[in-house]
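J.: Quick one: sequence plus predicted model below, questions after.
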Amino acid sequence: MCSLTLFHGKELSVFHVRAGGCDGCGEMVDIFLCERFRATPRVVECGTPRHADILIVTGSWTGELREAALTVISQAPAARMLMVVGDCALGEGLIDGRTWDTDEMGDLKPDLEVRGCPVTLELLGKGVRDVTR
């Protein structure tokens, strides 16, 4: 488990939801969460979506992966923030699977979209700061 810090007087718990794809963005999220990149806000990865302040979603969702990811997201608290990270998760990358414009997503909307292929650590840090203001 990665070390904690306080951000706006509160510990930030993050749960990472991985879908299919090359996993480049997923690897960047792992590096970000384990504080190997010191210039970002430090957060802690939690083991369950039920305790998450922020859900980070990476990868291209298709078919059964979409259903599984939606099940995981539905377990998070209503007050959680949702970050969709990487071009594939946004349907703009090499592995296309646009999820956020389809009827299957219902009223689920991301609080923040972070573009990149793969996303950069700087953009992840900025995204966490932006989503928690």
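T.: It's in. Numbering: from 1, shown residues only.
J.: Just the element for Met83, please.
T.: Secondary-structure assignment from DSSP states H and E places Met83 in strand 81-85.
J.: That strand pairs with which strands?
T.: Sheet neighbours of strand 81-85, with direction, are listed as strand 54-58 (parallel), strand 112-114 (parallel) (DSSP bridges).
J.: among the ones you listed, which is nearest Asp30?
T.: For Asp30, the closest of the strands paired with strand 81-85 is strand 54-58, at 9.8 Å, according to C-beta to C-beta. In short, each C-beta sits where N, CA and C put it, glycine included.
J.: hey, where'd the helices end up in this protein?
T.: 24-33, 63-74, 121-131 (DSSP state H).
J.: in the second one, what's buried?
T.: Okay, so that is helix 63-74. When burial is assessed from 16 or more other C-beta atoms under 10 Å, helix 63-74 yields the following buried residues: 65-66, 69-70, 72-73.
J.: Stretch 77-90 now?
T.: For stretch 77-90, burial by neighbour count (16+ other C-beta under 10 Å) applies to 80-90.
J.: Find the residue at the geometric middle of the chain.
T.: Against the mean C-alpha coordinate of the chain, by C-alpha atoms, centre = their mean, the closest residue is Ile56 at 1.2 Å.
J.: Farthest-apart pair in the buried residues of stretch 77-90, please.
T.: Taking every pair in the buried residues of stretch 77-90 and measuring C-beta to C-beta, the maximum separation is 23.1 Å, between Arg80 and Asp87.
J.: The closest residue to Leu33 other than its chain neighbours: how many residues sit nearby?
T.: Across the structure, with C-beta to C-beta, 6 or more residues apart in numbering as the measure, the residue nearest Leu33 apart from its sequence neighbours is Glu45 (4.5 Å). If you count neighbours by other C-beta atoms under 10 Å, Glu45 ends up with 17.
J.: Could you measure from Glu45 over to Leu94?
T.: Distance check for Glu45 against Leu94: by C-beta to C-beta, to the nearest Å, it reads 26 Å.
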